[in-house]
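> predicted model, plus sequence, below.
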Amino acid sequence: MDNLSQFQLNSTSPEVIFPMWELLLPHQQEVVRDPHRFKILVWHRRARKTTTALTEIIKQALFRIGVYWHIFPTYSEAKDAVWRDPQMLFRILPPELVARTNEQELVVYLKNGSIIQLKGADEPDALRGSGPVGVVFDEFAKVKYGAWGIVEPILRANNGWAWFIGTPKGKNHLHQFYLRGQQGHPEWKSWLLKATESGVIDPIQLEESRKTMTQADFNQEWE
């Protein structure tokens, strides 16, 4: 069986099937399987960027015991988008893997010793002092760029990895990282996914959206 689909918690526990591989769409599976260390997903709205990233975090947390961060532009965004949304973290994470949770700090402690924490980049300096081995920057176009300058040395020292996901917001650091991932770099790879190509959004709904948005906004959010 594919080692991305099945994990053994320990020698005495029952097998845990994870993730529900058949629910991942082809564009999600491609990214999760890819071996690059730093990945950039410039995907349209509702393309399941965050759920794909959470799947990766959980997968990696089971393979390698350590601290894993999912960072949003702000703490409140992290709480609303992932912790409170029943379709996000606690739908994807099998409860039998969880030892305990701390809602105040947005932390999940896994039974194998790994820690998954949601964080905000409101104050990048607050990211100092910890040692994550895997990090996802969600809505990276809105994240203060200084946050990466703080996290990157930690990941280099820990042989860690990072994902940068979001929809475009001008030609800022998300755009720059996307271009880096298109240059055949051994560590970096990027993906662009348009709503008219992914099949995630009903074409009729896309056309209705086009009627009420400017072309520039439509291109930014969907294309």
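Structure received.

> where's the helix or strand hosting L54 relative to the chain centroid, distance-wise?
Using DSSP states H and E, L54 falls within helix 49-63. Here the centre of helix 49-63 is set off from its chain's centre by 7 Å, with Cα atoms, centre = their mean, to the nearest Å.

> average pLDDT across the helix or strand following that helix?
Sequence-wise, the next helix or strand downstream of helix 49-63 (DSSP H and E) is strand 67-72. What strand 67-72 shows for mean pLDDT is 97.

> quick one: distance of the helix or strand following strand 67-72 to the chain centre.
Later in the chain than strand 67-72, the nearest helix or strand by DSSP H and E is helix 75-78. Offset of helix 75-78 from its chain centre (Cα atoms, centre = their mean): 14 Å.

> I'd like the mean pLDDT over helix 75-78, please.
For helix 75-78, the per-residue pLDDT averages 93.

> going forward, count from 47.
Sure, I'll start numbering at 47, so the last one becomes helix 121-124.

> show me what that helix is packed against.
On a contact count with 3 or more Cβ pairs under 8 Å, 6 or more residues apart in numbering; DSSP states H and E, helix 121-124 meets strand 113-118, strand 161-166. From N, CA and C alone the C-beta is placed, and that goes for glycine too.

> ok, 7 Å please
strand 161-166 (3 or more Cβ pairs under 7 Å, 6 or more residues apart in numbering; DSSP states H and E).

> what's next to the helix or strand just after the strand it packs on, contact-wise?
On the C-terminal side of strand 161-166, the nearest following helix or strand under DSSP H and E is strand 180-183. Identification of contacts with strand 180-183 by Cβ atoms under 7 Å, 6 or more residues apart in numbering yields 99, 103, 106, 114-117, 189, 194, 197, 201, 206-211.

> got a list of contacts for the helix holding L100?
With Cβ under 7 Å, 6+ apart, helix 95-109 has contacts from 50, 53, 64-65, 70, 74, 77-78, 87, 89, 114, 116, 127-128, 134-135, 138-139, 156, 158, 160, 162, 180, 182, 184, 209, 211.

> wait, isn't D80 in contact with K235?
Yes - taking contacts as Cβ atoms under 7 Å, D80 lies within contact range of K235: 6.2 Å.

> so for the two, which sits in the more crowded spot?
Set D80 next to K235 and count neighbours by other Cβ atoms under 10 Å: K235 wins out with 20 against 10.

> quick one: end-to-end length of stretch 203-220, please.
Terminal residues of stretch 203-220 lie 23 Å apart, using Cα to Cα, to the nearest Å.

> just give me the residue closest to the centre of this protein.
Relative to the mean C-alpha position of the chain, the nearest C-alpha, by Cα atoms, centre = their mean, is the one of A99, at 2.6 Å.

> against H231, how distant is the closest residue to W207 other than its chain neighbours?
Here the nearest residue to W207 in space, its sequence neighbours aside, is R83; by Cβ to Cβ, 6 or more residues apart in numbering that works out to 4.9 Å. Distance of R83 to H231, computed by Cβ to Cβ, to the nearest Å: 10 Å.

> so which helix or strand takes in H73?
Element membership of H73 [criterion: DSSP H and E] is helix 72-79.

> which other residues reach that helix?
With Cβ under 7 Å, 6+ apart, helix 72-79 has contacts from 50, 85, 87, 94, 98, 101-102, 237, 239, 244.

> quick one, that helix and helix 95-109 angle?
Angle of helix 72-79 versus helix 95-109, following axes from the mean of the first three to the mean of the last three Cα atoms, to 10 degrees, is 30 degrees.
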